[in-house]
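Undergrad: Would you be able to build a 3D model of this:
(2 chains)
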There are 2 protein chains.
Amino acid sequence: MYRTNTCGELNISNVGQQVTLCGWLQRSRDLGGMTFIDLRDRYGITQLAFNMETDATLCEQARRLGREYVLQVTGTVIERSSKNAKIPTGEIEIQVSKLTVLNESKVPPFTIEDQSDGGDDLRMKYRYLDIRRNPVKNNLILRHQMAMLVRNYLSSQNFLEIETPMLIKSTPEGARDFVVPSRMNPGEFYALPQSPQQYKQLLMVAGMDRYFQIVRCFRDEDLRADRQPEFTQIDCEMSFVEQEDVLQMFEGLAKHLFKEMKGLEFGKFERISWHDAMRLYGSDKPDKRFGMEFVEVNDVVKGHGFGLFDNAPLVVGICAAGCAEYTRKQLDELTEFVKRPQVGAGGMVYVKYNADGTFKSSVDKFYGQDDLKALADKFGARPGDLMLLLCGEPMKTRVQLCALRLEMGSRLGLRDPQKYAPLWVVDFPLLEWDDETQRFYAMHHPFTAPKPEDEPLLDDPNRWGDIRANAYDIVINGVEVGGGSIRIHDRQLQNKMFHTLGFTDESAYAQFGFLMDAFTYGAPPHAGLAFGFDRLCSIFGGVDSIRDFIAFPKNNSGRDVMSGSPSPIAKEQLEELQIAIKS
Amino acid sequence: MYRTNTCGELNISNVGQQVTLCGWLQRSRDLGGMTFIDLRDRYGITQLAFNMETDATLCEQARRLGREYVLQVTGTVIERSSKNAKIPTGEIEIQVSKLTVLNESKVPPFTIEDQSDGGDDLRMKYRYLDIRRNPVKNNLILRHQMAMLVRNYLSSQNFLEIETPMLIKSTPEGARDFVVPSRMNPGEFYALPQSPQQYKQLLMVAGMDRYFQIVRCFRDEDLRADRQPEFTQIDCEMSFVEQEDVLQMFEGLAKHLFKEMKGLEFGKFERISWHDAMRLYGSDKPDKRFGMEFVEVNDVVKGHGFGLFDNAPLVVGICAAGCAEYTRKQLDELTEFVKRPQVGAGGMVYVKYNADGTFKSSVDKFYGQDDLKALADKFGARPGDLMLLLCGEPMKTRVQLCALRLEMGSRLGLRDPQKYAPLWVVDFPLLEWDDETQRFYAMHHPFTAPKPEDEPLLDDPNRWGDIRANAYDIVINGVEVGGGSIRIHDRQLQNKMFHTLGFTDESAYAQFGFLMDAFTYGAPPHAGLAFGFDRLCSIFGGVDSIRDFIAFPKNNSGRDVMSGSPSPIAKEQLEELQIAIKS
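TA: Now for the predicted structure:
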């Protein structure tokens, strides 16, 4: 062993001990008679002291060392004269008697500090240096801790972690597969799994009862900000359970994580139907760290000669407490915000409920003080509050108002990343209409079961949009961190579902035949859920970007700028695979 | 919840309780007045009793159920009249009052019993039924338990599990990569990792100090028996350690697994140099469950006029205790065994040390009784023993004798799968000569460090074969379950190593440039090891085939016969990827 201790563990109780430490030179300070070096490893920082009077040669040697040199030092733990209360080792330093340079380092392209001077691209290219920085390092440690907690919790609940294949059959349904040409079977391809969905259902047919896996999944999608072509799921499935059982099980897991990672305890998570979530927050993943629920005001605002409101199917707004003092400029900013193409509203109406009880609005021409008082009452607004209204086609307007609500939440500091508001969204629609292709798609996936009471609606295509699924999402702070459903375990119902989704018997069988066959040999009732593990880590880390929680992420072009992947491959390799590149 | 209890937990203390169970119909027995059903789930089997007298309708219903039907039953736990001591639930049965068929089942294509009537191919096609059988199910449970133990042990030793990418850069060195065409970067490819070797070394450069990962790896090799195109490694790396530290750490892990899984305790694992392993066992992975060490007998057998021995560079043999009574037929079988093309020996010489102290050999013409006594003394043989000798070119002969030794071990019942003999093989050669391409290859991989005392030999191409590596394998029962090495952390030495392996500066940089760059920014001394997890599980399961420990394995053509993968993909998919299939 190159060391007796790490750089994070020595303190006043070790004074007098002879120790050997290894690490990287974080910074050095030459004070003439003394030279100090901060030696860093994964566990912390320990100060090294070199004294010109005691050992001039060693001190001279220390002065010549550069940042990020790898050092091994032996010396005595002594009490510091000027202590640093910010770090656990701040009361001591090492009076060095022996110094070995284990490796030199070029000057790093950015500073290895919590606040680095390196831009995103540079830090990605030198990710191995970026990881030396505390923020990134701590994210990876958090991820490890989360994974250990998840595994031990689920294992204690009788779940078995079972590895499913990475080289699977390609299925055109859903997002695009990454494919892998098979050399041994020319002209044929494996696909990388978008999720182990079918395998975990097969494991239920196989009687494994409770399965989980922290597993890599792949999606060849055009990458929006903060999407990765490979990502990690906590994938789970259970047999002989109903929705309530699944919700309780994974609420238990989430509470366990909150308790162990954050010291937070929660009561029963709130549950909200998809319908209510859309109506009250304009989102199927409402951020419940703050209220500001939508209020629909058609009955109050219609018939006052304001054409925009009179003609809109829905007028809906939010009440921002204590914002009546917003300036013209601030209100204009909000109007600009909702008119941005990403939000897409035509405009915004504001109504100030002034502290003195009077009203001021952008529609004073159409509404008197009494009218606005009635509106305020509808909102439950109080003097000092600001009401913001949008109007138009209901679903579009709600989504626009959702963006405004989140913006107001941010402006008012109501979205503290250290505060957590978990909830369940339930009763999702089973099917989703797609205007472009003029057909219904499975909102979740084709194996999701309708609510038994809605099953008869499958026989009436006009009612397909009304069918509710036994599907559920777990949402934290406005982010969907997991979702799942009760699966169809009956082959007849599954066939009906495939037909609803536009599959022929043949096309369904070509894609899902082995699963359909399996279901004829005694499939148990089963259900499951998958958490997005990268996202879950980022929420627990209080950081928005999942990229910060992945050791070696790819950029928005799916490229690893550090290793230069993807890259061309040798002609011989292509020939062996019997494929050619088309230009 | 569909059930109050599992089928594995009810016993005499539950008598009188009202319970609901779910599971599969294992078998049913119609005894006229009574019908009994064995209900099976992952946890066990519980007997259900239906009585014609008490409830004829229910009993009639029960009689119509087929094998593998999925049932939900409610009833009362009662004491059995005829108990079954073989199963934990054998003292009770359920007097059923309510029966629900949750799903029907076609007649399964093979029996779901410990000894199934299904052949390999059929069981692979219906793997979801195969997994219902105890032997397969228990293998997967063992694998889960092993993974949990490994993770918790390594985590307690400050290792962090860090996920490395699956879509990486293709490197021609080593085995063939599976490649993944990039749609966003046409003409370019990702590779699937053969191991996270470079990433784990980068994590050491990144200061993560102790890394592990239970990780899927991929190798597009022609599949020999019991190789899988995707397999799982316990991949580990540590910084600031020497070989002794690594050996102790992972010996600790292995001991922990033996203790927890098997209740076995071991002292310090034996260590043997690669050179001695080859000399004494003809293998770099000796099976040490039994002795039967090689004895080299050149000095005793040469010069007696037996041309075969006189002309052979090496005459070497084993002594099989108590086998002097072997018949002509048995000896012929052994001769045939060594002459099989897989072994490749020209022939075998036997010497029987009879119980009466006389000798009988296949070379009596050349050796008198005294000569054979001298040979027996060399072997340390005793009356009743059988000596078997091979001769020829040293390394080839040793490998042939290894096969014979293992065969004798098997014949003598010395290779009990429930007995464990772990050991370390150390001091591997750094480089391996390949006759075909007339150059040296890295025996381990190009990042393995030579022993410091052998480093100067790198400057003398004539001595390259003599250089020993700081590399080590952990071997259990004649199987290499893990291996690793001290890595080169010095860029100069790494360059020298690349040149030795025939890389130019350019070709080395093209492949490993990002790793070589990383090493210029303060790489710490580091070392690692990887276990083959599938193999480790199979050893602990006492079964030879790794396939039995993989939920959904592929066959020798790399094909999953259950899902029918690989398979052709749609023309549109190929076009999007801008690749074509060559015929």
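Undergrad: And the closest residue to chain B within the stretch 301-450 of chain A, how far from residue A:488?
TA: Chain B sits closest to residue A:449 of the stretch 301-450 of chain A, with a gap of 13.4 Å, by CB to the nearest CB. Yep, even glycine has a C-beta here, placed from its N, CA and C like the rest. Computed with CB to CB, to the nearest Å, the distance linking residue A:449 and residue A:488 is 5 Å.
Undergrad: same question, residue A:384
TA: Plainly put, residue A:384 is 53 Å away from residue A:488 if you go by CB to CB.
Undergrad: Comparing those two, which residue is more hemmed in?
TA: Here residue A:384 and residue A:488 are compared on neighbour count by other CB atoms under 10 Å in any protein chain shown; more neighbours surround residue A:488, at 24 against 16.
Undergrad: So the more buried one sits against residue A:497, correct?
TA: Yes. Using CB atoms under 8 Å, residue A:488 is in contact with residue A:497, at 6.1 Å.
Undergrad: and for these two, which residues touch both?
TA: When contacts are counted by CB atoms under 8 Å, 6 or more residues apart in numbering or on different chains, residue A:488 and residue A:497 have residue A:447 as shared neighbours.
Undergrad: Would you mind splitting chain A into its domains for me?
TA: As recorded under automatic domain parsing, the domains making up chain A are A:12-103, A:136-272+A:421-550, A:290-411.
Undergrad: So which bits of stretch A:500-508 are buried?
TA: A:500, A:501, A:503, A:508 (16 or more other CB atoms under 10 Å in any protein chain shown).
Undergrad: Can you list the neighbours in contact with it?
TA: So stretch A:500-508 is contacted by A:431, A:439, A:440, A:441, A:442, A:446, A:458, A:464, A:495, A:498, A:511, A:516 (CB under 8 Å, 6+ apart).
Undergrad: Turn the residues you listed into a markdown table, including neighbour count and distance to residue A:555.
TA: Formatted as a markdown table, these follow (neighbours: other CB atoms under 10 Å in any protein chain shown; distance: CB to CB, whole Å):
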| residue | neighbour count | distance to residue A:555 |
| --- | --- | --- |
| A:431 | 24 | 35 |
| A:439 | 12 | 35 |
| A:440 | 19 | 35 |
| A:441 | 16 | 30 |
| A:442 | 20 | 31 |
| A:446 | 21 | 33 |
| A:458 | 18 | 44 |
| A:464 | 17 | 40 |
| A:495 | 17 | 43 |
| A:498 | 22 | 38 |
| A:511 | 19 | 32 |
| A:516 | 17 | 40 |
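Undergrad: just checking, which of those belong to helices?
TA: Counting by DSSP state H, the part of those found in helices is A:495, A:498, A:511, A:516.
Undergrad: Which members of those are the farthest-apart pair?
TA: In the ones in helices among the contacts of stretch A:500-508, the most distant members under the criterion CB to CB are A:495 and A:511, with 13.2 Å between them.
Undergrad: Lowest-confidence entry in the contacts of stretch A:500-508?
TA: When those are sorted by pLDDT, the bottom entry is residue A:511 at 81.
Undergrad: give me the number of residues near the nearest residue to that residue once chain neighbours are set aside?
TA: Using CB to CB, 6 or more residues apart in numbering or on different chains and skipping the chain neighbours, the partner closest in space to residue A:511 is residue A:171 (5.0 Å). Summarising burial for residue A:171: neighbours were counted as other CB under 10 Å, giving 19.
Undergrad: OK, contacts around residue A:171?
TA: Applying CB under 8 Å, 6+ apart, the residues near residue A:171 are A:177, A:191, A:511, A:512.
Undergrad: Reformat these into JSON lines and put distance to residue A:289 next to each item.
TA: Output for the contacts of residue A:171, formatted as JSON lines (distance: CB to CB, whole Å):
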{"residue": "A:177", "distance to residue A:289": "37"}
{"residue": "A:191", "distance to residue A:289": "39"}
{"residue": "A:511", "distance to residue A:289": "41"}
{"residue": "A:512", "distance to residue A:289": "40"}
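Undergrad: Mind naming the longest helix for chain A?
TA: From DSSP H, the single longest helix across chain A is helix A:134-156.
Undergrad: could you pull out the helices for the stretch 201-350 of chain A?
TA: A:243-257, A:274-281, A:298-301, A:307-311, A:328-339 (DSSP state H, counting those that start in this stretch).
Undergrad: what sits against residue A:47?
TA: A:36, A:37, A:38, A:39, A:80, A:84, A:89, A:92, A:93, A:94.
Undergrad: returning to that earlier point: of all the contacts of residue A:171, the one with the weakest confidence?
TA: residue A:511 (81).
Undergrad: how close does that one sit to residue A:498?
TA: 9 Å.
Undergrad: Residue A:59 too?
TA: 78 Å.
Undergrad: just residue A:573 next, same as before
TA: Residue A:573 is 39 Å from residue A:498, where distance means CB to CB.
Undergrad: quick one: pLDDT of the residue in the stretch 401-550 of chain A positioned nearest to chain B?
TA: Residue nearest to chain B within the stretch 401-550 of chain A (CB to the nearest CB): residue A:522, separated by 3.5 Å. Note on residue A:522: pLDDT of 97.
Undergrad: That one: what's it in contact with?
TA: A:205, B:24, B:68, B:69, B:70, B:103, B:104, B:105.
Undergrad: hmm, 6 Å instead?
TA: B:24, B:68, B:70, B:103, B:105 (CB atoms under 6 Å, 6 or more residues apart in numbering or on different chains).
Undergrad: from those, which is closest to residue B:122?
TA: Out of the contacts of residue A:522, the member with the shortest distance to residue B:122 (by CB to CB) is residue B:68, at 15.2 Å.
Undergrad: Hmm, the closest one is touching residue B:23, no?
TA: No. When contacts are counted by CB atoms under 6 Å, residue B:68 is not listed as touching residue B:23 (10.2 Å).
Undergrad: So the two - more neighbours on which side?
TA: Neighbour count, other CB under 10 Å: between residue B:68 and residue B:23, residue B:23 has more, with 32 against 21.
Undergrad: sorry, back to before: could you find the closest non-adjacent residue to the residue of the stretch 401-550 of chain A closest to chain B?
TA: Nearest non-adjacent residue to residue A:522 (CB to CB, 6+ apart): residue B:105, at 3.5 Å.
Undergrad: For beta bridges, what are the partners of that neighbour?
TA: Per DSSP bridges, the residues bridged to residue B:105 are residue A:521.
Undergrad: check contacts around it.
TA: A:521, A:522, B:68, B:69.
Undergrad: What's the local residue count around the last one?
TA: Number of residues near residue B:69 (other CB under 10 Å) recorded here: 19.
Undergrad: Redo the buried residues of stretch A:500-508 as TSV? Include pLDDT and secondary structure.
TA: Output for the buried residues of stretch A:500-508, formatted as TSV (pLDDT from 0 to 100; DSSP: H, G, I helix; E, B strand; the rest coil):
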residue	pLDDT	secondary structure
A:500	90	helix
A:501	89	coil
A:503	88	coil
A:508	87	helix
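Undergrad: Under the pLDDT cut-off, which ranges of the stretch 51-200 of chain A? List them.
TA: Scanning the stretch 51-200 of chain A for pLDDT under 70 picks out A:172-174.
Undergrad: Up against chain B, what does it have?
TA: For the stretch 51-200 of chain A, the residues in contact with chain B (CB under 6 Å from any CB of the partner chain) are A:68, A:70, A:102-103, A:105-106, A:108, A:128-129, A:131-132, A:140, A:144, A:147-148, A:155, A:160-162, A:165-170, A:178-180, A:182-185, A:187-190.
Undergrad: returning to that earlier point: quick check: of the contacts of residue A:522, which lies closest to residue B:12?
TA: Distances from residue B:12 to these, taken by CB to CB, are shortest for residue B:24, at 24.4 Å.
Undergrad: The helix or strand where that closest one lies near chain A at all?
TA: Under the criterion of DSSP states H and E, residue B:24 resides in strand B:18-30. Yes. Strand B:18-30 lies within reach of chain A by CB under 6 Å from any CB, at B:22, B:24.
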